[in-house]
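J.: The following comprises the amino acid sequence and a computationally predicted model.
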Amino acid sequence: MQILASVLAAGETPDFFGEVAALLIAGALIAYLSYRLGLMSIVGFLLTGVLIGPSGLGLIRTESVIESAAEVGVILLLFTIGIEFSLEKLARIRRLIFIGGGLQVGLVIALTTGILVLFGLDWRVGVYTGCLVALSSTAVVMKFLADRFETDTPGGQVALGILIFQDLAVVGMVLLIPMLAGEGGGALELGWALAKAAGIVALVLLLARRIMPRILEAVARTCSPDIFLLSVAAICFGTAYLTSLAGVSLSLGAFLAGLIVSESRFREYAFGEIMPLQILFSATFFISVGLLLDLSALMQNLLLVAAFVAGVLLLKVVTSGLSVLALGRSLGTAAYASLMLAQVGEFSLVLERTGQEIDLFPLAMGQTGTQTFIAATVMLMVLTPFMGQLGAALERRLRRRRPSFQPVETGAAAAAEGEPFNHLADHVIIAGYGAAGRKLARVLQEVSLPYLIITLSPDGANEAEQEGLLVLRDDYSRQRTLSLAGIDRASTLIVADDEPVMTERVVTMARLLNPDLHILARTRYCNEAPALSEAGASQLVIEEQESMAQLLTYTLTRYHFGEELVEQQVRALREAINEDGERGAVVRLNEASLQSTPCTHLAQVQEVRPKSQGCAECLKLGDEWVHLRICMTCGHVGCCDSSKNKHATAHFHATGHPIMRSFQPGEDWAWCYVDQTLI
């Protein structure tokens, strides 16, 4: 903390900050270019690492920081995969895990050892190289499947089952490699390590069933997104760390943590909260793999690397395909899964470093073997998306040729099978389940209109579920939540939230996802209406306006005015209220402060009306603010410097308008940016 304080006080930039900035900027640019070229983002991230790495432009030198972030990326990626899965699904693929995965790993190690022995190498080198080649990249394969919505397809489940076994096999491999060099313990120690790993996995699964759902329920009752996110992150990293103490890989521990959360009714909420972090850190992981590639070594050993890549592809396609066929799966599924798994994984890089420490090298070729192995690993990861697409095409062709095979759903259709609300169409979405939401739901139920309730309130959700109503427990301002609710198929969204900022955020996101959706929003005050209309609300119910209209109607009727006159006056009242709401209340500077201020820019100040009731830029970004400021030249409303985005200051730099006044209730002070003085 003292170091951090001194750095901040001195205004210095941390040494690693420039490299992190270069990584993110280059990653965003190359990922965008990859998208424009029709390539998967994984390819863009890997190429980014190669470009900015030590052998490329040399923008990244402090690899330890990047490696740490990359490790977090793998953990978060496997955690989200675990959330999307469940213990029931895991139980259904147990044969894929232990029989399919066991066959695949065993065949790769046996064939690699046999081939290298035929070339005159020691069998220990063969076993060591076989262990390196046997493992596939869980991160790359699962990212590919998730991007294509194919995690739940037969081919996706086969790949996942084999990958889970490979992660379990890492426990034994880490202990086996020192034994190959005559170091470490014996078979008894290996057996004890495997038993300990199995025990902690069983304990984690027990927690998933009995304890963790209750904990998440209690946390959700706070209705605090901050506390919920911290709790979910604690479950993820805490479980991964505890399993690592038993020798299980961090990634498998994170996957188990995701399974724990998947047993809770708040799984979708947890997924939405953790997803932005997962995207950022998993991108860092793929970039970090690209950093490992030494371009000069690749060019010097190009033929050797090409031969290694071809050999691994052939070996893994054959062994994975045979393992899948042995399970009785179709030839198309075998082709798809084997081509997806035809690469070397991130844990192979860890095992390779372990081997270096005891003078074991791939193919017994010393540093040349190491550089060849790393170059081939990166190349195979880059090829994975293309191999996966080739596998999907082969599967479709084989399925057409053999109609007796069981149909395999791919893409969005498979994803839809796993969605609980995919049957809804032309339905109503109720965002918020307070008093108004409850009344709306009961009316819709009575008239038999299809609808879905979205709420984060545990009590409200429990009540609705007990009545047999459809409920999604999640934050309805998030894109993924609205997508799960079928926003693209819905006819109407009713936003019944009490907070105007949240209402505007939901309306903005819903309009972006479905331009034709009819959005009905409720707000309390007239001056909140313009921002909601601008955000995309089709129709507004303004409580202040309705109450005043009812008062006027009652008063005129009480004095026996005619119905036509009453309607005319109510219509005039509504128009006047709407006009005033669009203008907003006039904002002025404090008269007393004007007499004593040293500011020289008062001539540029005028009475202004706020252009919005919140920070428009933050609302578009889906962010929050701490305080609001209003420009005394044009009425622009932006967030303060204590807020994340500092839009008020950004407005000054963009326009040169000198004076910003506080837009907080009860505050009337202002600040001149040019004269640096309080008014």
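T.: That came through fine. Numbering: from 1, shown residues only.
J.: which SSE is the most centrally placed residue in the chain in?
T.: For the chain, the residue sitting closest to the mean C-alpha position, by CA atoms, centre = their mean, is residue 275 at 1.9 Å. Remark: residue 275 resides in helix 267-291, with elements defined by DSSP states H and E.
J.: Same question for residue 429.
T.: Taking DSSP H and E as the definition, one finds residue 429 inside strand 428-431.
J.: Partner strands of that strand and their direction?
T.: Strand pairing for strand 428-431, determined by DSSP bridges: strand 451-455 (parallel), strand 492-495 (parallel).
J.: re earlier: which residues does the residue nearest to the centre of the chain contact?
T.: Contacts here follow CB atoms under 8 Å, 6 or more residues apart in numbering; on that basis residue 275 touches 80, 480. Where C-beta positions appear, they are placed from N, C-alpha and C, glycine not excepted.
J.: gap between it and residue 205?
T.: Noted for residue 275: a distance of 24 Å to residue 205, by CB to CB, to the nearest Å.
J.: which residues in the stretch 551-679 of the chain form strands?
T.: When secondary structure is read from DSSP state E, counting those that start in this stretch, the stretch 551-679 of the chain shows strands at 628-631, 637-639, 659-662, 670-672, 677-678.
J.: Within its sheet, name the partner strands of the last one and how each one runs.
T.: According to DSSP bridges, strand 677-678 has the following sheet partners: strand 670-672 (antiparallel).
J.: tell me which residues of the strand it pairs with are tucked away?
T.: 670, 671, 672 (16 or more other CB atoms under 10 Å).
J.: looking at it, the last one is touching residue 679, isn't it?
T.: Yes. A contact is recorded between residue 672 and residue 679 when judged using CB atoms under 8 Å, the distance being 6.2 Å.
J.: Between those two, which contacts overlap?
T.: The overlap between the contact sets of residue 672 and residue 679 (CB under 8 Å, 6+ apart) consists of 597, 599, 659.
J.: Let's have those in TSV, adding pLDDT and distance to residue 422.
T.: What follows is the shared contacts of residue 672 and residue 679, written out as TSV (pLDDT from 0 to 100; distance: CB to CB, whole Å):
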residue	pLDDT	distance to residue 422
597	77	62
599	85	60
659	92	54
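J.: out of those, who's nearest residue 435?
T.: Looking at the shared contacts of residue 672 and residue 679 and their distance to residue 435, the nearest is residue 659, at 42.9 Å (CB to CB).
J.: quick one: that closest one and residue 632, what's the gap?
T.: As defined by CB to CB, residue 659 lies at a distance of 4 Å from residue 632.
J.: rewinding a little: show me which residues of the helix holding residue 275 are buried.
T.: For helix 267-291, a neighbour-count test (16+ other CB under 10 Å) marks 267-275, 277-278, 281-291 as buried.
J.: That one: how far from the chain's middle?
T.: If you compare the mean C-alpha spot of helix 267-291 with that of the full chain, they lie 6 Å apart, counting by CA atoms, centre = their mean, to the nearest Å.
J.: what does stretch 32-44 give?
T.: The chain centre lies 18 Å from the centre of stretch 32-44; the measure is CA atoms, centre = their mean.
J.: Count the residues that sit near residue 159.
T.: Around residue 159 there are 32 other residues, counting by other CB atoms under 10 Å.
J.: ok, back up a step: figure out which of the strands paired with strand 428-431 is closest to residue 663.
T.: Comparing those by their distance to residue 663 (CB to CB), the top pick is strand 492-495, with 23.9 Å.
J.: Show residues contacting stretch 236-250.
T.: The set of residues external to stretch 236-250 that reach it, using CB under 8 Å, 6+ apart, is 71, 74-76, 79, 167-168, 170-171, 174-175, 193, 196-197, 199-201, 204, 251-254, 256-258, 260, 274, 347.
J.: Ok, which of the strands paired with strand 428-431 comes nearest residue 465?
T.: Across the strands paired with strand 428-431, the minimum distance to residue 465, taken as CB to CB, is reached by strand 451-455, at 9.4 Å.
J.: Any chance you could list what contacts that closest one?
T.: With contacts defined as CB under 8 Å, 6+ apart, strand 451-455 is touched by 421, 424, 427-433, 437, 441, 444-445, 461, 464, 469-474, 476, 481, 485-486.
J.: Identify each buried residue in stretch 134-146, please.
T.: Buried, per 16+ other CB under 10 Å, within stretch 134-146: 134-146.
J.: again, but for stretch 639-653
T.: By neighbour count, with 16+ other CB under 10 Å as the criterion, the buried positions of stretch 639-653 are 639, 640, 643, 645, 646, 647, 648, 649, 651, 652.
J.: list the helices and strands whichever helix in the chain runs longest packs on?
T.: The single longest helix within the chain, with elements called by DSSP state H, is helix 366-401. Applying 3 or more CB pairs under 8 Å, 6 or more residues apart in numbering; DSSP states H and E, one finds that helix 366-401 makes contact with helix 41-52, helix 138-147, helix 154-180, helix 267-291, helix 295-300, helix 302-326, helix 331-340, helix 346-357.
J.: The same query, at a cut-off of 6 Å, please.
T.: For helix 366-401, the helices and strands in contact under the criterion 3 or more CB pairs under 6 Å, 6 or more residues apart in numbering; DSSP states H and E are helix 41-52, helix 138-147, helix 302-326, helix 331-340.
J.: would JSON lines of the ones you listed with mean pLDDT and distance to residue 457 be doable?
T.: As requested, the helices and strands packed on helix 366-401 are arranged in JSON lines below (pLDDT from 0 to 100; distance: least, CB to CB, whole Å):
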{"stretch": "helix 41-52", "mean pLDDT": "81", "distance to residue 457": "36"}
{"stretch": "helix 138-147", "mean pLDDT": "78", "distance to residue 457": "29"}
{"stretch": "helix 302-326", "mean pLDDT": "92", "distance to residue 457": "45"}
{"stretch": "helix 331-340", "mean pLDDT": "90", "distance to residue 457": "41"}
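J.: So which of those is nearest residue 510?
T.: Residue 510 sits nearest to helix 138-147 of all the helices and strands packed on helix 366-401, at 24.0 Å, using CB to CB.
J.: what's in contact with the closest one?
T.: Contacts to helix 138-147, defined as CB atoms under 6 Å, 6 or more residues apart in numbering, come from residues 42, 74, 77, 81, 151, 156, 159, 163, 251, 285, 340, 381, 384-385, 388.
J.: which residue sits closest to residue 250, ignoring its sequence neighbours?
T.: Of all residues not flanking residue 250 in the chain, residue 240 sits nearest, at 4.7 Å (CB to CB, 6 or more residues apart in numbering).
J.: in what helix or strand does the one you found lie?
T.: For residue 240, the secondary-structure element it belongs to, assigned by DSSP H and E, is helix 225-245.
J.: Going by neighbour count, which residues of that helix are buried?
T.: 228-229, 231-233, 235-237, 239-240, 242-244.
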